[in-house]
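K.L.:
Pasting a predicted model and its sequence here:
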Amino acid sequence: MTLEGKNIAVMTSQTGVEKVELTSPCDAIIAAGGTPVHAAPQRDEVQSMVGDVDKDQVFTPDMTIEDIEVDQFDALVIPGGTVNGDNLRLDDKALDVVRAFAAAGKPIAAICHGPWALVESGVAKGATLTSYPSLRTDITNAGGTWVDEQVSHDTSQGFDLITSRNPDDLDAFNAKLVQVVSSR
C-alpha cells in the first residue's frame with residue numbers, strides 16, 4: 001500500500017494536542033510515501049502534550065485551518081488530546097473543514113478526543129465510531145453509535161470514517177488510515 005502523491009491534512013488546535021497522536025499518523029503517512037500537512041488556527045507554534053498536564057514538543061504548522069482547500073487533500077486526520085479536541089469543537093473554521101471533507105466524500109480519521117469535532121460538526125449522526133470512552137454520551141446524543149473497538153471504519157454516511165480510542169490503538173488506526181487512503 002502506498003500513499004505516493006497523496007496529501008493528508010492533519011488538523012490541530014494551537015495547544016493540547018496529544019504528541020504521539022500527531023506524530024505517529026504523520027510518520028505512518030510519510031512511511032507510506034504520502035505527505036502530511038499540519039494545519040492549525042494560526043501559523044504560530046503548536047504546543048503538544050503528553051496526557052493533559054505535561055507540555056512536550058512544539059510544532060510549526062504548515063498552514064492555517066482557514067487555508068485548507070479540500071480539493072487539495074486526499075484525507076483529513078484529527079489527532080486527540082482533551083484540550084485539542086475541546087478547542088477544535090469550538091472552532092467554526094475547523095468544523096467547516098470537517099463538514100467539507102465529509103461532503104466531498106473524503107476519508108476522515110479521528111482518534112481519542114478528536115471525534116468531538118465530528119460530533120460538533122454533525123457528521124457523527126448516523127455513523128458508528130469509537131473514541132476515548134468519555135465521549136460515548138456525546139456521540140450517542142449526536143445520533144451516532146459508539147463502539148468500544150481498537151479501530152472503527154464506517155462508510156454509511158458517504159465517506160470513510162476511521163476512529164480509534166487512544167494512543168494504544170495507533171498501530172491499528174495508522175494501518176487503517178493508510179489502507180483506506182491508498183485504495184482511493
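P.N.:
Yes, it's here.
K.L.:
any idea which helix or strand of the chain has the worst average confidence?
P.N.:
One helix or strand of the chain scores below all others by mean pLDDT, DSSP states H and E: strand 54-59, with a mean of 90.
K.L.:
Check which element follows that one along the chain.
P.N.:
strand 63-64 (DSSP states H and E).
K.L.:
Report the separation between residue 79 and residue 31.
P.N.:
Plainly put, residue 79 is 17 Å away from residue 31 if you go by Cβ to Cβ, to the nearest Å. C-beta coordinates here come from the backbone N, C-alpha and C atoms, glycine included.
K.L.:
So these two - more neighbours on which side?
P.N.:
The neighbour comparison of residue 79 against residue 31 (other Cβ atoms under 10 Å) goes to residue 79, with 31 against 11.
K.L.:
and the more buried one, what does it touch?
P.N.:
Counting by Cβ atoms under 8 Å, 6 or more residues apart in numbering, residue 79 touches 10, 12, 17-18, 21-22, 25, 111-112, 114.
K.L.:
now do 7 Å
P.N.:
10, 12, 17-18, 21-22, 25, 111, 114 (Cβ atoms under 7 Å, 6 or more residues apart in numbering).
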